[in-house]
Every structure is written in structure tokens, then in C-alpha cells.
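Peer 1: Requesting a structural model of the entry that follows:
(one chain, ligands or ions: 2)
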Amino acid sequence: MIKIKNLTKIFTLGDNKLIALNNLSFLVSSGQFLAITGISGSGKSTLLYQLSLLDRPNQGTISIDNINTSKLTSGERISYRLKNLGYIFQDYAILPTLTAKENIMLPLLMQGVKENIAQEKAKEALLKVDLQDRLDHLPSQLSGGQQQRVSIARAIVHNPKILFADEPTANLDTESSETILKIFLNLHKQGQTIIMATHELDYAKLAERNIELRDGLIISDTFK
Ligand code: ADP
Ligand code: MG
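Peer 2: Ligands and ions are numbered 1, 2, ... in the order given. Next comes the predicted model:
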């Protein structure tokens with residue numbers, strides 16, 4: 001269970017203050033597949049950044065399974081994130097000089113997992129995204145859709161409590177986008193909590209809940 005209370009993020013640019021998230025409160029239950037929608041600039045990425053502990057809000061709290069993350073020190077936040085959260089970026093953000101398998105092993109090695117175990121887990125994760133035959137390919141030898149699947153495998157390899165995805169299909173053609181959404185639906189069926197930001201309503205509709213933002217406010221919250 002994720003409890004978001006009075007979450008506010010303000011960006012200050014010179015004399016201007018921009019309220020990117022305006023006092024948001026909501027709950028996300030474990031295993032939920034939630035899509036955050038809204039036009040460009042509505043606050044989707046900013047919200048994902050706060051929830052995934054990549055950034056700190058000005059006000060408010062985010063509690064994940066009864067841990068109040070605002071009370072964690074910077075170091076504790078980093079290790080909490082490595083251990084419990086997974087993040088998928090629009091532009092994949094995988095390292096070009098590492099193979100698919102090595103990219104996926106990296107977060108495990110950073111947590112001190114032994115190399116042979118990391119290798120086995122990376123293979124299992126690649127199987128889940130149907131890329132078991134691309135273990136030793138470099139990103140440049142993979143299509144955009146395949147690179148995004150590597151980034152999904154990397155984000156789920158440690159069985160995160162929450163999987164975040166920010167516009168995961170924005171750079172992809174329809175067929176690859178549908179493959180990515182099928183993977184999310186499968187992970188969701190297996191109990192994975194997923195929070196996905198997207199401005200593509202056809203994909204948002206596949207999630208069981210949609211929260212629409214505008215100007216940093218929730219303007220609708222609908223369940224299937
Ligand atoms: P979305 O992902 O929905 O397109 P964002 O969360 O990226 O929206 O942005 C929300 C608002 O916050 C926008 O007005 C954007 O310009 C502003 N913003 C986002 N990041 C920053 C930043 N680092 N500094 C200043 N303003 C920002
Ligand atoms: Mg965005």
C-alpha cells in the first residue's frame with residue numbers, strides 16, 4: 001500500500017514559482033495497475049519522480065508499506081530505491097557499452113548480489129520480456145522496442161514492490177507499444193504494482209485505474 005498525503009512540489013525559477021504538484025493525496029493498493037494521465041506539463045513525470053524517490057517534494061509524505069519515506073536519510077533513500085523500486089524511462093536509459101544481460105545484472109551487482117546469481121536472475125528477467133535469445137546483444141543491435149524490454153527486465157529483476165514507467169511507449173511504433181503493454185498486463189496479473197505515466201489514452205485504458213492530472217491537480221480518478 002502506498003499512501004500519498006498532501007504532496008506538493010514547487011519549482012522556483014528566478015522570481016517565478018511553479019506549483020507542479022498541488023497538495024495531492026491518494027492511496028494506491030498493492031497489486032494495482034495505475035495509469036497517470038494528462039496533457040504535457042500536467043505534472044505526470046514530476047509525480048513519478050517524487051513517488052520513486054528520485055526527487056524530494058517540498059511538502060507532504062509518501063509512505064510505502066508503512067515506511068514514511070520522507071524520514072529516510074539520503075543514503076537510506078538510495079538503498080531503499082535500489083532494493084524496492086523499479087523505474088522505466090521513455091528513452092530506455094540502458095548503457096550502450098553493456099550487453100542486455102549485463103545491463104540487467106548491474107543493479108543487482110550494485111546491491112552486492114554475487115555474479116553467478118545476478119546472471120541467473122538476469123536470464124529469468126529476460127525470459128519474462130521474451131528476449132531470452134538476446135542475452136549477449138548490445139543495445140545498438142536491438143530495436144527500440146527490444147531496448148525498452150531490456151529496460152523493463154532491468155526494472156523487475158529484483159522483484160520491486162512498485163514498478164514505475166514514464167511514457168514507456170512514447171518512442172515506439174504501435175506494435176512494439178502493444179507488446180510493452182502486454183508485458184505490463186502480464187506482470188500485473190502476477191501481482192506487480194505498476195504506476196505508469198502516459199498521455200496515450202488507449203494505453204491508459206488498459207490499466208485498472210486512471211488518475212488524470214492538470215496543472216498539478218487531480219481532475220479525475222476512475223476505476224475500471
Ligand atoms: P508532464 O510529465 O505531465 O509532461 P512534468 O511533470 O514534466 O509534466 O512538468 C510539470 C510542470 O513542472 C511543467 O510546467 C514543467 O515545465 C515544470 N517542471 C518540471 N520539471 C521542472 C524543473 N526541473 N524545473 C522547473 N520546472 C519544471
Ligand atoms: Mg513527462
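Peer 1: Find the helix or strand that S220 is a member of.
Peer 2: strand 217-223 (DSSP states H and E).
Peer 1: Using the three-state scheme, assign A35.
Peer 2: At A35, secondary structure determined by DSSP: H, G, I helix; E, B strand; the rest coil is strand.
Peer 1: Which single residue of this structure ends up nearest ligand 2?
Peer 2: For the chain, the residue closest to ligand 2 is S45, as judged by C-beta to the ion, at 3.2 Å. In this view, the C-beta of every residue, glycine as well, is placed from N, C-alpha and C.
Peer 1: thinking again about what came up before, now for the strand holding S220, which elements pack on it?
Peer 2: Applying 3 or more C-beta pairs under 8 Å, 6 or more residues apart in numbering; DSSP states H and E, one finds that strand 217-223 contacts strand 16-28, strand 209-214.
Peer 1: Partner strands of the last one and their direction?
Peer 2: Strand 209-214 has its sheet partners listed here by DSSP bridges as strand 33-37 (parallel), strand 217-223 (antiparallel).
Peer 1: Mean neighbour count, the ones you listed: which tops it?
Peer 2: Comparing the strands paired with strand 209-214 by mean neighbour count (mean count of other C-beta atoms under 10 Å), strand 33-37 comes out on top with a mean of 24.
Peer 1: How far off centre is that strand?
Peer 2: Averaging C-alpha positions (C-alpha atoms, centre = their mean, to the nearest Å) puts strand 33-37 11 Å from its chain's average.
Peer 1: Show residues contacting the next helix or strand after it.
Peer 2: Using DSSP H and E, the next helix or strand after strand 33-37 towards the C-terminus is helix 44-51. Applying C-beta atoms under 8 Å, 6 or more residues apart in numbering, the contact partners of helix 44-51 are 2, 4, 7, 9, 20-21, 24, 36-38, 54-57, 62, 87, 162, 164, 166-167, 195, 197-199, 213, 216.
Peer 1: The same query, at a cut-off of 6 Å, please.
Peer 2: Contacts to helix 44-51, defined as C-beta atoms under 6 Å, 6 or more residues apart in numbering, come from residues 9, 20-21, 36, 38, 55, 57, 164, 166, 197.
Peer 1: Helix or strand next in line after the helix ranked longest in the chain, which one?
Peer 2: In the chain, assigned by DSSP state H, the helix with the most residues is helix 174-189. Counting by DSSP H and E, the next helix or strand C-terminal to helix 174-189 is strand 193-197.
Peer 1: average model confidence for that following strand?
Peer 2: What strand 193-197 shows for mean pLDDT is 98.
Peer 1: and it, which strands flank it?
Peer 2: In the sheet, strand 193-197 lines up against strand 33-37 (parallel), strand 162-166 (parallel) (DSSP bridges).
Peer 1: of these, which approaches V150 most closely?
Peer 2: Of all the strands paired with strand 193-197, it is strand 162-166 that lies closest to V150, at 13.8 Å by C-beta to C-beta.
Peer 1: That concludes my questions; thank you for your assistance.
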